[in-house]
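**Q** have a look at this prediction, sequence included:
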Amino acid sequence: MQFRKPRRADLRAAARLPGGCAGVTCVRGAECLATPVPALSEGVRPVSVLSLHVSTVAAARIWGECVMVTVRETAHGLRPQRRTIASTDAVTSSRPWMPARRLARQHTVLAKAAVTAEHLPVVITGAGIAGLSAAVALHKCGVPVTVLERAPALRQEGSAVALWSNAWRGLDALGVGQQLRQDYKLLERVELCNHSGRLLKSFALADCTSSSYSGGIRNETRGVLRAELLQALAQQLPTDAIQYNTQVVGVHDTPQGTALLQLADGNTLSCDVLIGADGANSVVAQHLGLQVPPNYAGYVAYRGVAEYSGSLPLPDNTIRQMWGAGVRAGMYPLSNTTAYWYICFNADEDAPRPSDPAGYVSEALSCVRGWSWDVEQAVRNTDPGTISRGSIRDRWTTGPFGRSCITLAGDSAHPTTPNLGQGGCTAIEDGVVLGRQLAPLLQHSKVTTSRAIDPDAVANVLRAYESERAKRCMPLTVRSYLFGAALQLQYAPVLAVRDFVISNLFKPDHFLDHTEYDCGELPLDAPLCVAQHV
């Protein structure tokens with residue numbers, strides 16, 4: 001081994017290597033160690049990874065990826081570039097001669113000039129319900145927050161989401177509850193039916209003895225268009241708080257207790273707090289070792305919003321569920337002219353799926369052909385391009401589920417089946433609870449550029465948040481799974497028993513127990529910090 005400064009001749013020689021490249025993997029002052037690294041991935045032209053200016057540009061092993069400053073020879077001379085070229089295991093195995101102490105030292109080296117990583121206080125991946133709820137909660141408490149969203153704009157698909165009393169408490173804490181209430185119907189009754197037209201049970205939500213209160217309205221339940229919910233939350237944030245077209249493809253822990261994010265465009269960001277809210281297939285959850293994708297529950301759901309020129313096919317304050325053999329459907333009004341509907345049907349996980357919206361309509365109709373309650377008409381009254389199809393999945397997440405400064409929210413943390421209508425509700429709860437627990441620490445740290453945050457204190461707060469959320473969401477996930485499994489049964493004798501029990505024995509006394517949860521209020525009395533957004 002010989003430490004030396006790379007010479008210009010080294011740059012030209014390395015740039016012309018046909019099968020691999022040489023890498024600067026350790027920085028010591030103005031000197032570097034040049035060692036071989038594996039070839040670039042297939043189809044990528046190898047370039048040199050020696051430094052033009054060692055004092056300002058060098059490469060370093062960064063927890064899971066080998067990030068190098070590359071140099072390409074052009075007509076205008078040698079031009080530096082940065083590229084990720086290999087995984088940790090590949091680089092390690094290519095240097096079996098590397099002493100363990102030196103290799104361990106390299107694991108802790110973050111070459112400041114080599115990786116142009118901007119540092120942010122709090123980063124949230126994903127501008128869904130959970131991500132935006134957490135962002136609004138922290139922003140209202142004066143904490144600078146940046147949301148990274150891979151899409152070019154807020155999500156428009158996804159039809160509607162049912163919001164029960166626990167969600168409206170959270171929305172009130174976030175300051176958007178009243179804005180949304182005025183546009184959507186209050187749902188006050190439930191009808192449980194079989195597919196042939198028989199009403200098995202009807203009851204008022206006010207009859208549930210464990211009923212909760214929200215904003216002075218008993219058992220507040222409304223369906224809300226997902227796109228309008230996201231828009232209402234996004235409007236609470238500074239215009240530059242959400243960075244669109246920004247996809248996180250890798251997450252790395254650092255020895256300093258921060259997180260390093262690798263973006264699809266090759267850039268990197270570091271942060272003191274990372275909240276993964278990037279959905280059930282979360283990159284952050286995968287980094288934490290959780291199962292991605294979650295478990296398949298055995299059935300698929302179609303969802304849509306039907307539009308009517310006349311009256312709706314059900315009372316304007318009623319949730320109607322219709323049950324068949326291995327298939328079930330449901331409807332509820334959103335407004336005087338629109339109604340949300342869903343159809344769930346049993347299917348193998350690897351079963352072929354339609355390739356276009358017309359195929360979606362055909363498959364959805366085939367599941368409920370001949371049913372009563374006008375569910376077929378609801379499908380026909382829906383714009384085919386807005387119908388969504390998704391495999392139903394869940395993960396029974398026990399907490400704490402994060403690590404160091406990294407945590408999760410929403411479907412990234414606790415994906416659940418939709419049978420209790422609590423997926424969106426618990427995502428809102430997550431955001432408020434994160435704000436309630438995390439904001440006082442960050443406010444106390446006087447966060448503006450965020451370099452003064454104690455990583456141990458952050459970790460302790462996040463583990464407390466995770467314990468609280470796991471205690472809340474794990475029972476909901478299990479209960480929802482069992483409820484769905486029972487409703488998806490397709491054996492005639494069992495279905496007859498089900499209908500008898502619902503008609504004669506079922507009592508709704510505890511139907512709303514899970515909606516009594518109160519996520520609390522945000523600590524808004526601390527001085528606001530000035531948000532620093534990219």
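**A** Right, received. Where do you want to start?
**Q** where in the protein is pLDDT low?
**A** For the chain, the stretches flagged by pLDDT under 70 are 1-116, 210-218, 444-452, 525-534.
**Q** which parts of it are helices?
**A** With DSSP state H as the criterion, the chain has helices at 8-15, 88-93, 100-107, 129-140, 165-174, 177-181, 226-234, 283-287, 357-368, 375-380, 423-444, 455-487, 492-504.
**Q** packed most tightly, which of these would that be?
**A** helix 129-140 (a mean of 29; mean count of other Cβ atoms under 10 Å). Every C-beta, even on glycine, is put in place using the N, C-alpha and C of the backbone.
**Q** check which helices and strands that helix is in contact with.
**A** strand 118-125, strand 146-148, helix 165-174, helix 226-234, helix 423-444 (3 or more Cβ pairs under 8 Å, 6 or more residues apart in numbering; DSSP states H and E).
**Q** Serialize those to a markdown table and add fields for distance to Glu376.
**A** A markdown table is the format used below for the helices and strands packed on helix 129-140 (distance: least, Cβ to Cβ, whole Å):
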| stretch | distance to Glu376 |
| --- | --- |
| strand 118-125 | 40 |
| strand 146-148 | 40 |
| helix 165-174 | 30 |
| helix 226-234 | 24 |
| helix 423-444 | 26 |
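**Q** go through the helices of the chain and name the closest to Asn219.
**A** helix 165-174 (6.0 Å; Cβ to Cβ).
**Q** what residues does the closest one touch?
**A** Defining contact as Cβ atoms under 8 Å, 6 or more residues apart in numbering, one finds that helix 165-174 is touched by 133, 136-137, 140, 163, 177-178, 180-181, 212-215, 219-222, 233, 236, 422, 424-425, 428-429, 431-432, 512, 514-522.
**Q** with stretch 401-409 instead?
**A** So stretch 401-409 is contacted by 124, 130-131, 133-134, 251, 253, 257-259, 271-277, 282, 284-285, 287-288, 290, 413, 427, 430-431, 434, 455, 458-459, 462-463, 465-466, 470 (Cβ under 8 Å, 6+ apart).
**Q** leaving out chain neighbours, which residue sits closest to Ser503?
**A** Once flanking residues are discounted, Ser503 sits nearest to Leu200: 4.8 Å by Cβ to Cβ, 6 or more residues apart in numbering.
**Q** contact partners for that neighbour?
**A** If a contact means Cβ under 8 Å, 6+ apart, then Leu200 has 192-194, 499, 502-503 as its contacts.
**Q** got the contact list for the nearest residue to Gln256 once chain neighbours are set aside?
**A** Spatially, and ignoring its direct neighbours in sequence, Gln256 is nearest to Pro455 (6.8 Å; Cβ to Cβ, 6+ apart). Each residue near Pro455 by Cβ under 8 Å, 6+ apart is listed here: 256-258, 272, 404-405.
**Q** among those residues, which ones are buried?
**A** Buried members of the contacts of Pro455, counted by 16 or more other Cβ atoms under 10 Å: 257-258, 272, 404-405.
**Q** neighbours of Asp348, how many?
**A** When neighbours are counted by other Cβ atoms under 10 Å, Asp348 registers 9.
**Q** what's the distance between it and Ser391?
**A** 10 Å (Cβ to Cβ, to the nearest Å).
**Q** likewise Leu524?
**A** Taking Cβ to Cβ, one finds Leu524 at 40 Å from Ser391.
**Q** which one's more surrounded, those two?
**A** Just comparing Leu524 and Ser391: by other Cβ under 10 Å the higher neighbour count belongs to Ser391, 17 against 13.
**Q** quickly list what that one is bridged to.
**A** Going by DSSP bridges, Ser391 is paired in beta bridges with Val300.
**Q** mind listing what it touches?
**A** Ser391 neighbours (Cβ under 8 Å, 6+ apart): 296-297, 300, 349.
**Q** pretty sure Glu468 is touching Val432, no?
**A** No: Glu468 is not in contact with Val432 according to Cβ atoms under 8 Å; the separation is 11.4 Å.
**Q** find the nearest non-adjacent residue to Gln243, please.
**A** Ranked by Cβ to Cβ, 6+ apart and with sequence neighbours excluded, the top spatial neighbour of Gln243 is Leu148, at 5.4 Å.
**Q** test my guess that that neighbour contacts Val249.
**A** No: if you go by Cβ under 8 Å, Leu148 and Val249 don't touch, sitting 11.0 Å apart.
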